[in-house]
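Asks: let's see this in three dimensions:
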Amino acid sequence: MNTLPQQLANGLFLGSMYGLIAIGYTMVYGIVQLINFAHGEIFMTGGFGALTVYLALPDGISMWIALPAMLVGGALVAVLIAVGAERFAYRPLRGAPRLAPLITAIGLSLALQQLVFNLYPNAKAARVFPQLPFGPYHLGSVTVQSGDLFLIIAAPVCMAILAFFVRLSRTGRAMQATAQDPDTAQLMGIDTNRIIVIAFAIGGLFAAVAGTAYGLKYGSVSYDMGFLAGLKAFTAAVLGGIGNIYGAMLGGLVLGVAEAMATAYIADVPGMHQLGGQGWAPVWAFVLLILVLLFRPQGLLGERVADRA
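Replies: Down below sits the predicted model:
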């Protein structure tokens with residue numbers, strides 16, 4: 001029990017990253033009913049975009065100057081890829097059977113992985129990511145690393161900005177209208193294509209912040225880091241209620257805490273000592289997903305179909 005506060009903190013840090021990625025899934029699905037399985041690779045390209053900017057800066061530059069430039073560079077890369085994917089991969093298939101964009105998303109995911117693998121020398125090995133020049137901090141029995149501190153600040157700030165944008169801006173209200181009924185929204189004069197592009201761009205922006213946070217937290221980025229992180233973020237979006245931006249962040253936090261607790265304590269349960277450890281983290285994440293789908297298939301903050309009817 002002495003490690004419980006630390007494990008809770010670890011879960012919140014991890015869940016904040018899952019939540020940032022999950023928002024991209026849930027925004028796109030909420031507007032165009034598309035599960036963008038390439039979003040994990042957009043998260044990965046955001047991390048590599050930030051690293052590329054850092055490598056292009058002069059040697060010895062302060063991270064206080066480098067970090068904003070890295071965030072901007074990572075965001076530009078991720079947003080451009082997300083918007084390009086919508087324009088050239090998904091928009092032509094908007095009226096096609098749902099299997100077609102799903103297969104396209106998987107193909108795009110593999111293509112982005114191989115693109116980064118071939119562009120970066122020695123990409124098979126993880127690339128070292130620069131670290132923030134402060135920390136760790138100790139709050140009682142809880143240790144907070146510099147990358148975790150960045151995450152715990154960036155996630156609520158991004159969430160608050162997004163909530164303000166969606167609720168109070170004209171574009172945000174247009175996004176809500178398009179999500180509810182795209183045909184009626186178009187008849188009312190809303191440019192639904194523009195709204196869909198904005199949804200992809202916001203998802204790419206949040207993925208870039210998460211990709212940079214991943215590098216700061218773990219000290220490296222790799223070309224295949226988006227696969228598992230993307231699956232877990234999709235799990236978080238479903239947990240929270242896919243299509244609900246607040247549910248995406250809540251689902252990420254729940255998933256992160258559950259994963260941290262399971263990996264830390266499941267081995268202490270009699271007869272389950274072989275099921276603990278970090279290697280089992282994806283298993284427990286998907287076990288949680290199955291349980292939620294069994295007992296509350298609409299997710300924690302999602303509406304039932306009957307409620308919308």
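Asks: how about the CA coordinates for the strand or helix carrying Phe234, as PDB?
Replies: If you go by DSSP states H and E, Phe234 is part of helix 225-240. C-alpha atoms of helix 225-240 as PDB (Å, rounded to 0.1, in the frame of the first residue of the first chain):
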ATOM      1  CA  MET A 225       5.400   3.600 -31.000                       C
ATOM      2  CA  GLY A 226       2.000   4.700 -32.500                       C
ATOM      3  CA  PHE A 227       0.600   1.200 -33.000                       C
ATOM      4  CA  LEU A 228       0.000   0.100 -29.400                       C
ATOM      5  CA  ALA A 229      -0.500   3.700 -28.100                       C
ATOM      6  CA  GLY A 230      -3.100   4.200 -30.800                       C
ATOM      7  CA  LEU A 231      -5.000   1.000 -29.900                       C
ATOM      8  CA  LYS A 232      -5.000   2.000 -26.200                       C
ATOM      9  CA  ALA A 233      -6.200   5.500 -27.100                       C
ATOM     10  CA  PHE A 234      -9.000   4.000 -29.200                       C
ATOM     11  CA  THR A 235      -9.800   1.800 -26.200                       C
ATOM     12  CA  ALA A 236     -10.000   5.000 -24.100                       C
ATOM     13  CA  ALA A 237     -12.300   6.700 -26.600                       C
ATOM     14  CA  VAL A 238     -14.600   3.700 -26.500                       C
ATOM     15  CA  LEU A 239     -14.500   3.500 -22.700                       C
ATOM     16  CA  GLY A 240     -15.500   7.200 -22.400                       C
END
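Asks: which element follows it toward the C-terminus?
Replies: helix 245-265.
Asks: now Tyr25. Nearest residue, chain neighbours left out?
Replies: Setting aside the residues directly before and after it, Tyr25 is nearest to Ala237 in space (C-beta to C-beta, 6 or more residues apart in numbering), at 4.3 Å. All C-beta atoms are positioned from the backbone trio N, CA, C, and that covers glycine.
Asks: what about stretch 42-59, distance to the chain center?
Replies: 18 Å (C-alpha atoms, centre = their mean, to the nearest Å).
Asks: now that stretch: buried residues?
Replies: Using 16 or more other C-beta atoms under 10 Å as the burial criterion, the residues of stretch 42-59 that qualify are 42-54.
Asks: what are the ranges of the strands in the stretch 101-250 of the chain?
Replies: Secondary structure of the stretch 101-250 of the chain by DSSP state E, counting those that start in this stretch: the strands cover 127-128, 137-139, 142-144, 220-221.
Asks: one step back: tell me how many other residues surround the residue nearest to Tyr25.
Replies: Neighbours of Ala237 under the rule other C-beta atoms under 10 Å: 34.
Asks: does it really touch Leu20, like I thought?
Replies: No - taking contacts as C-beta atoms under 8 Å, Ala237 lies outside contact range of Leu20: 11.4 Å.
Asks: can you work out which residues contact both of the two?
Replies: Common neighbours of Ala237 and Leu20 (criterion: C-beta atoms under 8 Å, 6 or more residues apart in numbering): none identified.
Asks: rewinding a little: return the member of the buried residues of stretch 42-59 nearest to Leu250.
Replies: Of all the buried residues of stretch 42-59, Leu250 sits closest to Phe43, with 19.2 Å by C-beta to C-beta.
Asks: perfect, I'm done here.
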